[in-house]
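Asker: got a sequence here, can you build the structure:
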Amino acid sequence: MCLLGSVTLLAVLPVPALAISIRQMRRKEQDRLARMDVDYQRRKELAEFNARREERIRATEERTAKKRAKRQKKKDKKRQKKEKLDTPASGQEEEEVQIHSVEENSTDSDSSDERQIRPLPYSESQPKENIS
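Answerer: Numbering: from 1, shown residues only. Predicted coordinates:
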């Protein structure tokens, strides 16, 4: 009887061992699927976050560009207004410069030996003294 009982034990042992290995494989597969689901959710959330972030950055850049254009327009208006006020005075200065250049050309054409040497103003001709 002993022999028969041991044979029965041997015959019964492989079935639970097989059942344990199937359970282990099933558990491993379920763990793998759970990890895959968690990983998928994490990637999905990360992609959504990046999409929202890019949208916020794009909106911020648009606002910044709009404000920059407004500032530039304001500067241009100010510059045009200043040029408009300075235009009559600058026109007279240009005429004076042209007159002086014509006079200089006429003196240069007379002879190169008779060139006039003009003294520099005092502030430029004299070196500044260091006051210690």
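Asker: now name the helix or strand holding D39.
Answerer: Counting by DSSP states H and E, the secondary-structure element that holds D39 is helix 14-110.
Asker: pLDDT averaged over that helix - what is it?
Answerer: Confidence over helix 14-110, taken as the mean pLDDT, stands at 83.
Asker: and for R23, the neighbour number?
Answerer: Residue crowding around R23 was assessed by other Cβ atoms under 10 Å; the count is 11. Backbone N, C-alpha and C define where each C-beta goes, glycine included.
Asker: what about it, distance to M36?
Answerer: Computed as Cβ to Cβ, to the nearest Å, the R23 to M36 distance reads 20 Å.
Asker: ok, now K74?
Answerer: On the measure of Cβ to Cβ, K74 and M36 end up 57 Å apart.
Asker: got it, and R26?
Answerer: According to Cβ to Cβ, R26 stands 16 Å off from M36.
Asker: what does A69 give?
Answerer: Here A69 is placed at a distance of 49 Å from M36 (Cβ to Cβ).
Asker: also D86?
Answerer: To M36, D86 is 73 Å away according to Cβ to Cβ.
Asker: same question for E48.
Answerer: Between E48 and M36 the distance is 19 Å, computed by Cβ to Cβ.
Asker: could you do R53 as well?
Answerer: Relative to M36, R53 is positioned 25 Å away (Cβ to Cβ).
Asker: same check on A65?
Answerer: A65 is 43 Å from M36, by Cβ to Cβ.
Asker: next: K84.
Answerer: Taken as Cβ to Cβ, the span from K84 to M36 is 71 Å.
Asker: same check on K77?
Answerer: Using Cβ to Cβ, which is the criterion applied here, K77 is 61 Å from M36.
Asker: please apply the same query to K67.
Answerer: Counting by Cβ to Cβ, the gap between K67 and M36 amounts to 46 Å.
Asker: just R52 next, same as before
Answerer: From R52 across to M36, the span is 25 Å (Cβ to Cβ).
Asker: same deal with A51?
Answerer: 22 Å.
Asker: and M25, by the same measure?
Answerer: Taking Cβ to Cβ as the measure, M25 falls 16 Å from M36.
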